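[1] I'll drop the sequence and a predicted model, then ask my questions.
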Amino acid sequence: MLSETTGCRVYFKLESLQRTGSFKERGALNRLLSLSDDERGHGVVTASAGNHAQALAHHARRLGIACTVVMPRHTPLNKVVSTRRYGARVALEGETFDDALARARELASSENLTFVHGFDDEAVIAGQGTIALELVDENIPIAAVLVPVGGGGLIAGVALALKAVDPSIRIVGVEPENCASMRDSLRAGGLVSIAMKPSIADGLAVKSPGALPFEIARRAVDDMLTVDEEEIANAILMLLEVEKTMAEGAGAAPLAALLNRERLRADLAGKNVIVLLTGGNIDVNVLSRIIDRGLAKDGRLAKLRVFVHDRPGSLALVSRLIAEAGANVLDIFHIRTFVPAEVGEVALDFVLEMRGPDHLEELLALLGANGIRAEHR
């Protein structure tokens, strides 16, 4: 269905199915395997509030290496619990990632630990590049690979490997418009630190890309695109409904670009396009909001305000008409104050499950035919 929608032959690389739910395991494992016996004996430390923390903790435990993870104090509890479950010692330090990073480097020095950067590290970049080797093993002609970009370790590794195999493969990076630090750095010709806005693609929210990934990107990445928050949310919902696959915001960003950038689709029409679905660790509360907003946009979830006389039987009449129209009531609220209702009227706010916009119009017409004033909120 997505191939038909975009005009390309779309393939997904499902890194969301890794043990810890993201591609980060590749770079973390490769870095751990490169440690000397002495470094293994002392242990490793990193700063992360998400996927890198869990990946490093998981593989460190597998290899018998002590692992310390420094997280900002306001890191969501589920991420802290997950990282501890993988066997890491977790320290909550500072208000921001930069604070946690500074503390991790202090621990590396004071406790003789090896610091493992999440993206600005040669072994980590090489580990992420194993994705590209697996794509080559599929033995299909690849026109382009769409890669989400945060610190840049993933796109650096993928670009290095694929360009070595076939320089004609197009490498396209995708960032949230709210935190497009790689795009801005490439435009400036050097590393820049941006003022970020919140993004549901929190795994890509990096003030400045890594120095190593930036140098690789400036010579191996063909294009950088950005997507907005609504586009990312819609891509998450489409993956759920169409592909039956759950993606976090960072993982869904490349699909958002393919769905919403006409020039990209035109350039790749009829060609094989790989979309890296890099992670599935999305907060269930965020996912719930995304689903509700998507349903509302499609007209399958609607809020209706109805004005009726404040007397017995009015609610029963409206409820009967809603049922007659085939809509389902999820919530109902009585509002007698702070609404533009006449004296003696009450406003009823309904949250309804609908079949779509046409169904809503049918309901409004039915209410109007029965003398009931209603408006779509």
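    The structure has been received and is ready for your questions. Numbering: from 1, shown residues only.

[2] switch to C-alpha atoms for all contacts and neighbour counts from now on
    Will do.

[3] give me the mean pLDDT for stretch 66-78.
    Across stretch 66-78, pLDDT averages out at 89.

[4] now it, how far from the centre of its chain.
    How far stretch 66-78 lies from its chain's middle: 20 Å, per CA atoms, centre = their mean, to the nearest Å.

[5] got it, and stretch 309-328?
    Counting by CA atoms, centre = their mean, stretch 309-328 comes out at 40 Å from the chain centroid.

[6] which stretches of the stretch 251-377 of the chain form helices?
    262-267, 284-297, 314-325, 357-369 (DSSP state H, counting those that start in this stretch).

[7] what's the closest of those to Ala164?
    Nearest to Ala164 among the helices of the stretch 251-377 of the chain is helix 262-267 (22.4 Å), distances taken as CA to CA.

[8] and the contacts of the closest one?
    With CA atoms under 8 Å, 6 or more residues apart in numbering as the test, helix 262-267 has contacts from 6-8, 258-259.

[9] most neighbours among the residues you listed, which one?
    In terms of neighbour count, Leu258 stands highest of the contacts of helix 262-267 at 26 neighbours, by other CA atoms under 10 Å.

[10] distance of that one from Asp228?
    13 Å (CA to CA, to the nearest Å).

[11] just give me the neighbour total for Arg261.
    14.

[12] re the thing from before, so for Ala60, which of the helices of the stretch 251-377 of the chain sits nearest?
    helix 284-297 (27.2 Å).

[13] got a list of what the most centrally placed residue in the chain touches?
    Geometric centre of the chain, nearest residue: Gly249, 0.9 Å, by CA atoms, centre = their mean. Gly249 makes contact with 200-203, 232-233, 236, 282, according to CA under 8 Å, 6+ apart.

[14] can you do 10 Å?
    Shown in contact with Gly249 (CA atoms under 10 Å, 6 or more residues apart in numbering): 148, 176, 199-204, 229, 232-236, 256, 277-283, 286-287.

[15] show me which of those are buried.
    Among the contacts of Gly249, the ones that count as buried by 16 or more other CA atoms under 10 Å are 148, 176, 199-204, 229, 232-236, 256, 277-282, 287.

[16] so Glu134 makes contact with Glu15?
    No: contact criterion CA atoms under 10 Å: Glu134 and Glu15 do not qualify, at 11.6 Å.

[17] more neighbours: which of those two?
    Shown here are Glu134 and Glu15; by other CA under 10 Å, Glu15 has more neighbours (22 against 11).

[18] looking at the contacts of helix 262-267, spot the one nearest Phe307.
    Of those, the one sitting nearest to Phe307 (CA to CA) turns out to be Leu259, at 40.3 Å.

[19] so how far is Arg62 from that closest one?
    Counting by CA to CA, the gap from Leu259 to Arg62 is 39 Å.

[20] same question, Glu243
    32 Å.

[21] likewise for Ser185?
    37 Å.

[22] which one's more surrounded, those two?
    Per other CA under 10 Å, whichever of Ser185 and Arg62 has more neighbours is Ser185, with 18 against 12.

[23] which secondary structure state does the more buried one sit in?
    helix (DSSP: H, G, I helix; E, B strand; the rest coil).

[24] what do you get for Lys207?
    Under three-state DSSP, Lys207 falls in the coil class.

[25] that one contacts Ile194, correct?
    Yes: assessed by CA under 10 Å, Lys207 is found in contact with Ile194 at 5.2 Å.

[26] show me the common contact partners of those two, please.
    179-182.

[27] of these, just say which sits nearest to Leu107.
    Ser181 (27.7 Å).

[28] ok, now which ones touch the residue nearest to that closest one when sequence neighbours are not counted?
    Once flanking residues are discounted, Ser181 sits nearest to Ser208: 5.3 Å by CA to CA, 6 or more residues apart in numbering. Contact analysis of Ser208 by CA under 10 Å, 6+ apart lists 150-152, 179-182, 184-185, 191-196, 214.

[29] rerun that using 8 Å as the cut-off
    Residues in contact with Ser208, defined by CA under 8 Å, 6+ apart, are 151, 181-182, 185, 191-194.

[30] any chance of the residues you listed in JSON lines with pLDDT, distance to Gly41 and secondary structure as columns?
    Shown next, in JSON lines, are those (pLDDT from 0 to 100; distance: CA to CA, whole Å; DSSP: H, G, I helix; E, B strand; the rest coil):
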{"residue": "Gly151", "pLDDT": "94", "distance to Gly41": "29", "secondary structure": "coil"}
{"residue": "Ser181", "pLDDT": "96", "distance to Gly41": "36", "secondary structure": "helix"}
{"residue": "Met182", "pLDDT": "97", "distance to Gly41": "36", "secondary structure": "helix"}
{"residue": "Ser185", "pLDDT": "97", "distance to Gly41": "38", "secondary structure": "helix"}
{"residue": "Leu191", "pLDDT": "97", "distance to Gly41": "35", "secondary structure": "coil"}
{"residue": "Val192", "pLDDT": "96", "distance to Gly41": "37", "secondary structure": "coil"}
{"residue": "Ser193", "pLDDT": "93", "distance to Gly41": "36", "secondary structure": "coil"}
{"residue": "Ile194", "pLDDT": "93", "distance to Gly41": "38", "secondary structure": "coil"}
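
[31] just among those, which is most surrounded?
    Met182 (31 neighbours).

[32] what distance do you get for the closest residue to that one other than its chain neighbours to Gly118?
    Leaving aside its sequence neighbours, Met182 sits nearest to Pro209 (CA to CA, 6+ apart; 5.8 Å). As judged by CA to CA, Pro209 and Gly118 stand 11 Å apart.

[33] more crowded one of the two?
    Taking neighbours as other CA under 10 Å, Pro209 and Gly118 compare with Pro209 leading, 27 against 22.
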